[in-house]
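Student: After the sequence you'll find the predicted model.
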Amino acid sequence: MATNIWWIRRDVRLFDNPALHAALAKGEAIIPVFIWDEALLASSYMCARRTAFLAEGLRLLDEALRQRGSQLLVLHGRPLPLLRQLLAETGATAVYAQRDVSPYSKKRDKQIAAELPLILTDGVAIRPTDAVYKDDGKPYTVFTPYKKRWLSLVLPRTADLLPIPERIPTPKLSQSSSLPSSNLASPLFPAGEAAGRARLHAFADGDGLRHYAALRNNMDVDGTASLSPYLRLGMVSAREAAVLALQAIGRAKGQEERDGPETWLSELIWREFYLQILDQFPHVRGGSFRPEYDQIAWRNDPDEFAAWCAGQTGYPIVDAAMRQLNETGWMHNRARMVVASFLVKDLLIDWRWGERYFMQQLLDGDPANNNGGWQWTTGTGTDAAPYFRIFNPASQAQKFAPDGRYTRRWVPELAAVPAKYLAEPWTMPLLVQHGVQCVIGRDYPAPLVDRAVTREQTLAAYKAVSSK
Ligand SMILES: Cc1cc2nc3c(=O)[nH]c(=O)nc-3n(C[C@H](O)[C@H](O)[C@H](O)COP(=O)(O)OP(=O)(O)OC[C@H]3O[C@@H](n4cnc5c(N)ncnc54)[C@H](O)[C@@H]3O)c2cc1C
């Protein structure tokens, strides 16, 4: 009886899983295996919270596998020798896995495929990351034409979604390593495929998707799907998300009802775009998409970086967002843009410092999306914001967190500050500061930098290297 190995990496799910299906279709039994890759665990991008989320997702996957006659084998070490040994011990024919796009995973898979029968399938993105090209055969580097082409190709349908196999025959396995247990579980993001799919369907079938276009930028409300950690680790299929968005577009009676699902689909296509950028332009992993920006003379003040990380900059919306990140492992997209702009353009700190810190904290920390988001904000990337666009934290707060709930929730020192001073508390008269027990410099930090001064420094530093 032919047996295959299903090597799980960032596809921790049974529904719509091309690698699992290919492994089952080509054999009568499979061995589902997850390897804690010691190189990844030692990486400076490692995040204990994300690892705990993954471990819990794997534990639940193991439960789901056991209900289908299978079980998860967990190994620890270097993938090549472990897979070599597993193939030899079990007599399995081939290893099936989902293709990934990070330079590390591509190099690792190339080395393994040179020696072992490794068969890679799609599934990390909705379309294969090398499926969308310009007429001249080159990859897109600007989002809007990429999206236009993406939408012009055959769109995914319900019939494309691969069902959960009813039975997954698996031979008796030798002792598996145990999954690390941890107390880092996030109450906001219960791990696992069932929780992720329930969230996806609640969002798509309820009011969330309908109101998405109107609410998604507002940091004060829960206006987005909060699905990114599940998409990151494949606890939800990106293709299923796209199918649900397309169904909602099809059902809509008029443009107003289409706005929500169309905008959401567009965000899913941003994810596709950044996956293909990392796949096609791997140099972005360590440097600017446009290499001239690697020459910027950053100020890189370590104390200012520490204040940014800790949410102690004296700029309330920046501090609220960074404290939300530190406490929960998640941050609203608008807030990500604001804090990233502040780090790079107000503190003149190398975007790669921020990129790394985000990877160390974010439950959804993703090499493609995170890199894309940082390079976009910094203005060094593909479809970048122009370098002279510098977000003003106060006006961002007034526009996108207008009722102040977000700031007060995450920066309790400011809870009693009157609304008109909340975005710029240093403008509060001293008497008011004492009245609300929030003396600037004592109870809450004074602004870390004078933005009028740093703005000029930043523009000069960018101008010195920019050809625009
Ligand atoms: C500096 C910076 C860093 C970022 N780092 C990451 C990261 O590490 N991992 C990550 O998944 N996203 C990252 N993003 C993108 C975005 O902030 C998150 O995907 C989004 O906030 C997730 O929330 P949600 O699931 O509610 O998204 P929704 O708004 O409901 O969108 C649905 C899905 O679309 C995708 N998506 C949404 N916005 C974007 C975007 N701007 N770019 C690419 N994909 C998007 C995500 O997969 C998201 O889950 C970053 C953005 C910036 C500006």
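Tutor: Ah, there it is.
Student: What's the mean pLDDT across stretch 279-293?
Tutor: Mean pLDDT, computed over stretch 279-293, is 94.
Student: What ranges in this protein fall below the confidence cut-off?
Tutor: 1, 384-385, 467-468 (pLDDT under 70).
Student: Where is the longest strand in it?
Tutor: strand 29-37 (DSSP state E).
Student: Tell me which helix or strand comes right after that strand.
Tutor: Downstream of strand 29-37, the next assigned helix or strand under DSSP states H and E is helix 38-41.
Student: Quick check: the gap between residue 9 and the ligand.
Tutor: Relative to the ligand, residue 9 is positioned 16 Å away (CB to the nearest ligand atom, to the nearest Å). Every C-beta, even on glycine, is put in place using the N, C-alpha and C of the backbone.
Student: should've said residue 207
Tutor: With the distance defined as CB to the nearest ligand atom, residue 207 ends up 13 Å from the ligand.
Student: The residue of the stretch 351-468 of the chain found nearest the ligand: which element?
Tutor: Nearest to the ligand, among the residues of the stretch 351-468 of the chain, is residue 373, at 2.4 Å (CB to the nearest ligand atom). Counting by DSSP H and E, the element that carries residue 373 is helix 367-378.
Student: buried ones in that helix?
Tutor: 367, 368, 369, 370, 371, 372, 373, 374, 375, 376, 377, 378 (16 or more other CB atoms under 10 Å).
Student: Am I right that the second one is in contact with residue 275?
Tutor: Yes - if you go by CB atoms under 8 Å, residue 368 and residue 275 touch, sitting 4.7 Å apart.
Student: Return every residue with contacts to both of these two.
Tutor: Common contacts of residue 368 and residue 275, defined by CB atoms under 8 Å, 6 or more residues apart in numbering, comprise residue 101.
Student: residues from the stretch 351-468 of the chain in reach of the ligand?
Tutor: Near the ligand, the residues belonging to the stretch 351-468 of the chain are 358, 362, 364, 365, 366, 369, 370, 372, 373, 374, 377 when assessed by CB under 6 Å from any ligand atom.
Student: out of those, who's nearest residue 430?
Tutor: Of all these, residue 377 has the smallest distance to residue 430: 35.4 Å, by CB to CB.
Student: ok, that closest one touching residue 344?
Tutor: Yes - assessed by CB under 8 Å, residue 377 is found in contact with residue 344 at 6.7 Å.
Student: For the longest helix seen in the chain, name the packing helices and strands.
Tutor: Taking DSSP state H as the assignment, the helix of the chain that covers the most residues is helix 255-280. Taking 3 or more CB pairs under 8 Å, 6 or more residues apart in numbering; DSSP states H and E as contact, the helices and strands that helix 255-280 lies on are helix 143-152, helix 207-210, helix 212-215, helix 238-251, helix 367-378.
Student: burial count for the residue lying closest to residue 146 once chain neighbours are set aside?
Tutor: Nearest residue to residue 146 in three dimensions, chain neighbours excluded: residue 140, at 3.7 Å (CB to CB, 6 or more residues apart in numbering). Here the count is done by other CB atoms under 10 Å, and residue 140 has 21 residues near it.
Student: which residues touch residue 140?
Tutor: 132, 133, 134, 146, 149, 273, 276.
Student: Give me the buried subset of those.
Tutor: For those, a burial check counting by 16+ other CB under 10 Å picks out 132, 146, 273, 276.
Student: Output the residues you listed in TSV; the columns should cover distance to the ligand.
Tutor: Converted to TSV, the buried ones among the contacts of residue 140 look like this (distance: CB to the nearest ligand atom, whole Å):
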residue	distance to the ligand
132	15
146	12
273	7
276	12
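Student: Could you identify the most distant pair in the residues you listed?
Tutor: Between all members of the buried ones among the contacts of residue 140, the farthest pair (by CB to CB) comes out as 132 and 273, at 8.7 Å.
Student: what residues go with each domain of the chain?
Tutor: Domains of the chain are assigned by automatic domain parsing as 3-124, 193-280, 291-465.
Student: Dump the ones you listed to a markdown table, plus distance to residue 183.
Tutor: Output for the domains of the chain, formatted as a markdown table (distance: least, CB to CB, whole Å):
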| stretch | distance to residue 183 |
| --- | --- |
| domain 3-124 | 8 |
| domain 193-280 | 18 |
| domain 291-465 | 14 |
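Student: Which one of those domains lies nearest to residue 161?
Tutor: With distances scored as CB to CB, the stretch of the domains of the chain nearest to residue 161 is domain 3-124 (4.6 Å).
Student: Ends of that closest one, what's the gap?
Tutor: Criterion CA to CA, to the nearest Å; first-to-last residue distance in domain 3-124 is 24 Å.
Student: Likewise for stretch 290-304?
Tutor: End-to-end for stretch 290-304, by CA to CA: 26 Å.
Student: tell me which residues in it are buried?
Tutor: Under the neighbour-count criterion of 16+ other CB under 10 Å, stretch 290-304 has 290, 293, 296, 299, 304 buried.
Student: what's the answer for stretch 146-164, then?
Tutor: For stretch 146-164, burial by neighbour count (16+ other CB under 10 Å) applies to 146, 147, 150, 156, 162.
Student: for those, which one is nearest residue 425?
Tutor: Of all these, the one sitting nearest residue 425 is residue 147; the distance, using CB to CB, is 40.1 Å.
Student: Residue 398: what's it in contact with?
Tutor: Neighbours of residue 398 in contact, by CB under 8 Å, 6+ apart: residue 423.
Student: what about stretch 218-229, distance to the chain center?
Tutor: Computed by CA atoms, centre = their mean, to the nearest Å, the chain-centroid distance of stretch 218-229 equals 13 Å.
Student: How about residues contacting it?
Tutor: 50, 53, 188-189, 196, 199-200, 203, 208-209, 211-212, 214-217, 235-236, 241, 264, 317, 321, 329-330, 332-335, 363-364, 366, 369, 400-406.
Student: And residue 203, how far from residue 222?
Tutor: 10 Å (CB to CB, to the nearest Å).
Student: Neighbour count for those two, which is higher?
Tutor: residue 203 (20 against 10).
Student: Pretty sure that one sits against residue 209.
Tutor: Yes - between residue 203 and residue 209 a contact is recorded at 5.8 Å, counting by CB under 8 Å.
Student: quick one, what contacts the nearest residue to residue 285 once chain neighbours are set aside?
Tutor: Distances taken as CB to CB, 6+ apart place residue 103 nearest to residue 285, at 5.3 Å, with adjacent residues excluded. Taking CB under 8 Å, 6+ apart, we find residue 103 in contact with 278, 282, 285.
Student: List the buried residues of stretch 31-44.
Tutor: Buried-residue list, stretch 31-44, by 16+ other CB under 10 Å: 31, 32, 33, 34, 35, 36, 37, 40.
Student: Which of those residues sits closest to the ligand?
Tutor: residue 40 (15.6 Å).
Student: How about the closest one: what's its closest non-neighbour residue?
Tutor: For residue 40, the spatially nearest residue (CB to CB, 6+ apart) is residue 46, at 7.0 Å.
Student: and the stretch 151-300 of the chain, which of its residues are near the ligand?
Tutor: Close to the ligand, as judged by CB under 6 Å from any ligand atom, the stretch 151-300 of the chain has residues 216, 224-228, 231-232, 267-268, 270-271, 274.
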